[in-house]
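*Asks:* Generate a structure from the sequence data that follows.
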Amino acid sequence: MWKTPLTVTAALLVSSAAGCTSNTDTANPPATATQAETTSSAPAANSKEALEVRARELDRLVDDGNAEAAYRFYSQRCKNIIGGLDTYKVLLEQSRQGRNPQFGGVTVKVNGSSAQVVTVDNDPNAPADSMQPRTWTFIDDTWQFDNC
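*Replies:* Now for the predicted structure:
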């Protein structure tokens, strides 16, 4: 049975590649190990960190009632079970009634292409199952909510 992801957190998956530079100018020899450039990059798409971000973004979209954007985070399997965006909009509206979500944190445990996400919602009106782990699956190079 499909469960409303009120306490599932998500955030946009940021993907970028760290650039590499090549220095062929003889006047400026290549950097030594102690002079190496520091590069930063987003976490790997299938990483725990990427899922934490994505889960937090889904949580924000659900909290804001943005059904259309939140629905994009769901696996195709869940979309088939839910029955479409219009049904999801109704379910999301119902699940948000009387709620004042208060994000308190997220814990992610990744096991290959599957993960369990637990979020803390400090809202006293959070559903009884809000602290239950939610399944996410890495499909088509992105984490997708798959707890249906």
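*Asks:* okay, CA-based contacts and neighbour counts for the rest of this
*Replies:* OK.
*Asks:* top helix in this structure by residue count?
*Replies:* Counting by DSSP state H, the longest helix found in the chain is helix 48-64.
*Asks:* can I get the CA coordinates of it in PDB?
*Replies:* The C-alpha coordinates for helix 48-64 follow below in PDB (Å, rounded to 0.1, in the frame of the first residue of the first chain):
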ATOM      1  CA  LYS A  48      24.600   8.700   0.700                       C
ATOM      2  CA  GLU A  49      25.200  12.500   0.600                       C
ATOM      3  CA  ALA A  50      23.400  12.900  -2.800                       C
ATOM      4  CA  LEU A  51      20.400  10.900  -1.300                       C
ATOM      5  CA  GLU A  52      20.300  13.100   1.800                       C
ATOM      6  CA  VAL A  53      20.100  16.200  -0.400                       C
ATOM      7  CA  ARG A  54      17.400  14.600  -2.700                       C
ATOM      8  CA  ALA A  55      15.400  13.300   0.300                       C
ATOM      9  CA  ARG A  56      15.400  16.700   2.000                       C
ATOM     10  CA  GLU A  57      14.200  18.400  -1.200                       C
ATOM     11  CA  LEU A  58      11.300  16.000  -1.500                       C
ATOM     12  CA  ASP A  59      10.400  16.800   2.100                       C
ATOM     13  CA  ARG A  60      10.400  20.500   1.300                       C
ATOM     14  CA  LEU A  61       8.200  20.100  -1.800                       C
ATOM     15  CA  VAL A  62       5.700  17.900   0.200                       C
ATOM     16  CA  ASP A  63       5.700  20.500   3.100                       C
ATOM     17  CA  ASP A  64       5.000  23.200   0.500                       C
END
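*Asks:* Can you list the residue ranges for helices in the chain?
*Replies:* Under DSSP H, the chain gives helices at 48-64, 67-71, 76-82, 85-96.
*Asks:* CA atoms only: put stretch 71-82 into CSV for me.
*Replies:* Extracted in CSV, the C-alpha atoms of stretch 71-82 (Å, rounded to 0.1, in the frame of the first residue of the first chain):
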residue,chain,number,x,y,z
TYR,A,71,5.7,13.6,-7.9
ARG,A,72,8.8,13.7,-10.1
PHE,A,73,10.8,12.2,-7.3
TYR,A,74,8.8,8.9,-7.3
SER,A,75,9.8,5.8,-9.1
GLN,A,76,7.7,4.7,-12.0
ARG,A,77,6.6,1.7,-10.0
CYS,A,78,5.1,4.0,-7.3
LYS,A,79,3.6,6.2,-10.0
ASN,A,80,1.8,3.2,-11.4
ILE,A,81,0.5,2.3,-8.0
ILE,A,82,-0.6,5.8,-7.1
